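[1] Sequence first, then the predicted structure:
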There are 2 protein chains.
Amino acid sequence: MAAALPGSEGSVRPYKGVPADQRIAERRARLVQAGLQRFGTVGIAATRVDDVCAEAGLTKRYFYESFASLDELAGAAVDQAIAELATVVVPAVAEHGWRNPRPVFEAFASGLLADPRTIRLLVTEAQHPALAAKRQQLIELAVDLWLEADPLTDRAPENLSTQRLLAHAMAGAAGEVALAWANGRLDLTLEEMIDHLVRIFVRITPARRYPEPGLR
Amino acid sequence: MAAALPGSEGSVRPYKGVPADQRIAERRARLVQAGLQRFGTVGIAATRVDDVCAEAGLTKRYFYESFASLDELAGAAVDQAIAELATVVVPAVAEHGWRNPRPVFEAFASGLLADPRTIRLLVTEAQHPALAAKRQQLIELAVDLWLEADPLTDRAPENLSTQRLLAHAMAGAAGEVALAWANGRLDLTLEEMIDHLVRIFVRITPARRYPEPGLR
DNA sequence: AGAATCTGACACTGTCCAGTGTCAACAATT
DNA sequence: AATTGTTGACACTGGACAGTGTCAGATTCT
């Protein structure tokens, strides 16, 4: 009855009380966490498989149990970071829309700016060739979030190209500011930074969506 | 009289009519050019010493004649790109100041946007660990250019932190937009893009510096 | 012409590291 | 208690590539 050979990927039995799939999932989670740590500090290029394993307190065997390569782990780490960010930002947009962008940027800040490692992962490291697609996906998510939400707004989208350009501009601005902040090159509190990002957003965004008066 | 040993770095004699230092300089220039080509397309991480040499039509020997490592070549390539950009942008700022930003952005566009490889080199690849300092230097150059020029402007710089944040935001926006454009994700002409960047700049920038009327 | 140097092609060595295999101790199942 | 799956430590192999060395042919100088 097909005894599991040494090499075969069979993990079936409970061990120390925990069922197999849960053990695997836990190990995978630890690796992703370790990846976030290394990628977000020394960067992907300077990270070795053994580094991640040491960080996670596991051995290579379990690395290859869940991932085929470092790039794949990096992808998983980015996916997780994006998912977490979306978890807080999407509801904020749904609830407040873009007429009142401050809560949205507060959500953005709590999800991203709170952890410098995440910032570096999503802004800097996501430029890594194997992750370019995910970076793109993140920006497209921002575009969609902006364009699709709040469809009853009195905005005439001029043309779509312009909207897309503005989304890229805003994403680039927010990313670069966040990065500079994470690297300690901006002497501002988180609150001040949010204020500035909101203001930038309001100013960049096509004018007539906002009554204009309140803006300084 | 100290005959040059095989390994010694002596190059003194003319060859094919060209003096030694000029030959060296030419080879170096070809390597930098080859570096720009590779770094700007496949990226630094995916580039090998032999790749650059093949691209330049030289052999390793001459690579190590001018550079100690790939990172050093990358640094030289970035330096050159920054220098070329500064060559066109700085005079434009000096001549027109920031009250009339369009010529400045046109200069920026002709120096950077004209070549997708340069965009990728300065926006994406400059995130490479060994190049982070130069990337920072580029942004600081933008900050200085903005703050120091046109000192008689009627602007009260609120506080310096804010100015720096805005400079980062503008740099990030311009970089991201340029990158998206270089990768064919923005369906706009160069002119249209310049228009948008100018408008973004004007809107981001503290309000009272611009009379406001002409804007849309 | 003969000596010295420059050039390009390519061989060679050493290092780093991904990916796989081995083994002994341990835990669950029968 | 015996068997089988599980774990961690570590050895092992092979490939890629940086950096250096060798050599033959071409060019310049005396």
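    Looks like it came in fine.
[2] Determine the number of other residues adjacent to A:Ala94.
    12 (other C-beta atoms under 10 Å in any protein chain shown). For glycine as for every other residue, the C-beta is placed from the backbone atoms N, C-alpha and C.
[3] touching DNA strand D at all, the helix ranked longest in chain A?
    Assignment by DSSP state H gives helix A:70-96 as the longest helix of chain A. No: Helix A:70-96 stays clear of DNA strand D (C-beta under 7 Å from any atom of the strand), getting no nearer than 14.2 Å.
[4] Can you show me the helices along chain A?
    A:20-41, A:49-56, A:60-66, A:70-96, A:102-108, A:116-119, A:132-148, A:160-182, A:190-204.
[5] Counting by contacts, list what the first one packs against.
    Going back to what we said before, that points to helix A:20-41. Helices and strands touching helix A:20-41, by 3 or more C-beta pairs under 8 Å, 6 or more residues apart in numbering or on different chains; DSSP states H and E, are helix A:49-56, helix A:60-66, helix A:70-96, helix A:116-119.
[6] would you list these in a markdown table and tack on mean pLDDT?
    As requested, the helices and strands packed on helix A:20-41 are exported to a markdown table (pLDDT from 0 to 100):
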| stretch | mean pLDDT |
| --- | --- |
| helix A:49-56 | 98 |
| helix A:60-66 | 97 |
| helix A:70-96 | 96 |
| helix A:116-119 | 96 |
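[7] Identify whichever of the ones you listed lies nearest to chain B.
    Taking C-beta to the nearest C-beta, helix A:70-96 is the member of the helices and strands packed on helix A:20-41 nearest to chain B, at 11.0 Å.
[8] Tell me which residues of that closest one come out buried.
    By neighbour count with 16 or more other C-beta atoms under 10 Å in any protein chain shown, helix A:70-96 contains the buried residues A:70, A:73-78, A:80-82, A:85, A:88-89, A:92-93, A:96.
[9] Ok, stretch A:110-127 next?
    Residues A:110-113, A:115-127 are the ones in stretch A:110-127 that count as buried (16+ other C-beta under 10 Å).
[10] Give me the contacts around it.
    Contacting residues not belonging to stretch A:110-127 are listed as A:36-37, A:39-41, A:43-44, A:74, A:77-78, A:81-82, A:84-85, A:87-89, A:131-132, A:134-135, A:138, A:175-176, A:178-179, A:181-183, A:190, A:193, B:124, B:127 [C-beta atoms under 8 Å, 6 or more residues apart in numbering or on different chains].
[11] Go again with 7 Å.
    Stretch A:110-127 is contacted from outside by A:36-37, A:39-41, A:43-44, A:77-78, A:81, A:84-85, A:88-89, A:131, A:134-135, A:138, A:175, A:178-179, A:181-182, A:190, B:124, B:127, using C-beta atoms under 7 Å, 6 or more residues apart in numbering or on different chains.
[12] hmm, back to that, does the longest helix of chain A come close to chain B?
    No: Helix A:70-96 stays clear of chain B (C-beta under 7 Å from any C-beta of the partner chain), getting no nearer than 11.0 Å.
[13] Roughly how far does the residue positioned nearest the centre of chain A sit from A:Phe201?
    Nearest to the geometric centre of chain A sits A:Ile82, at 3.1 Å (C-alpha atoms, centre = their mean). Separation of A:Ile82 from A:Phe201 (C-beta to C-beta, to the nearest Å): 20 Å.
[14] what does A:Lys134 give?
    Taken as C-beta to C-beta, the span from A:Lys134 to A:Phe201 is 23 Å.
[15] hang on, the earlier thing: so the residue nearest to the centre of chain A is in contact with A:Leu138, correct?
    Yes: when contacts are counted by C-beta atoms under 7 Å, A:Ile82 is listed as touching A:Leu138 (5.5 Å).
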